[in-house]
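Undergrad: What follows is a predicted structure for the sequence shown.
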Amino acid sequence: SDEAPRQPLPGLWFSAAEVHALLTMDHLLANLQPGLLTPHIAPLRERVAQLLEHGDHAASEVRQRIRVLHMAARAVDSRVFESLSHALRRLRIQHLNRRTAERSQRVVSPQRLAHYRDNWYLDSWCHLRKDLRSFAVDAIEAAELLPDDHAKDVSETKLDRVLGTGYGI
């Protein structure tokens, strides 16, 4: 089986505020990009719901009081997203430039995934441009891990300095 061994967490006790925080996180995860993380978080969400049903307020009652409004979310291919989220090595990506409608092949060293204004971005070192670039994940049409090719590592400070202004940081 591909599943990691499960670890019990005996004696979990939550205050009312912690229960509401847990339900809020559950709701946000479920609505962040519907369907994108579902296969991975569905079992966790089910276990959390079972734990919370023993509290003062039903999970469904608390969920009704939370609303996540998406402004301009673009659909992301779940296979591409999964490749990007696990990448610790260089990737070959096919990227669509929406402005020019041109497609390009890039070799990138992924640094982090960022969720900004309802959309996902891959912050990477672009080996073609020899500089940091941010790619909209929905514009990445394919992603292939390059075997035995470690990613170039860029410090968090440099990432924020170079790419942070694009996110309003």
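TA: Looks like it arrived, so ask away.
Undergrad: And the strands in this protein?
TA: Under the criterion DSSP state E, the chain contains strands at 89-97, 102-116, 119-126, 131-136, 140-150.
Undergrad: residues in contact with the shortest one?
TA: When contacts are taken as CB atoms under 8 Å, 6 or more residues apart in numbering, the neighbours of strand 131-136 outside the stretch itself are 74, 93, 95, 98, 106, 108, 111, 114, 119-126, 154, 158-159, 162-163, 166. Glycine gets a C-beta too; all of them are placed from N, C-alpha and C.
Undergrad: Buried ones only from those, please, as a PyMOL command.
TA: Entered in PyMOL, the line below selects the buried ones among the contacts of strand 131-136, by 16 or more other CB atoms under 10 Å:
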select buried, resi 93+95+106+108+111+114+119+120+121+122+123+124+125+126+154+159+163
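Undergrad: wait, which of the strands of the chain is closest to Ala21?
TA: Nearest to Ala21, of all the strands of the chain, is strand 102-116, at 19.1 Å by CB to CB.
Undergrad: what's that closest one packed up against?
TA: With contacts defined as 3 or more CB pairs under 8 Å, 6 or more residues apart in numbering; DSSP states H and E, strand 102-116 has these neighbours: helix 78-85, strand 89-97, strand 119-126, strand 131-136.
Undergrad: Strand 140-150 and that one, what's the angle between them?
TA: 80 degrees (axes from the mean of the first three to the mean of the last three CA atoms, to 10 degrees).
Undergrad: Show me the strands paired with strand 102-116, marking each as parallel or antiparallel.
TA: The pairing partners recorded for strand 102-116 under DSSP bridges are strand 89-97 (antiparallel), strand 119-126 (antiparallel).
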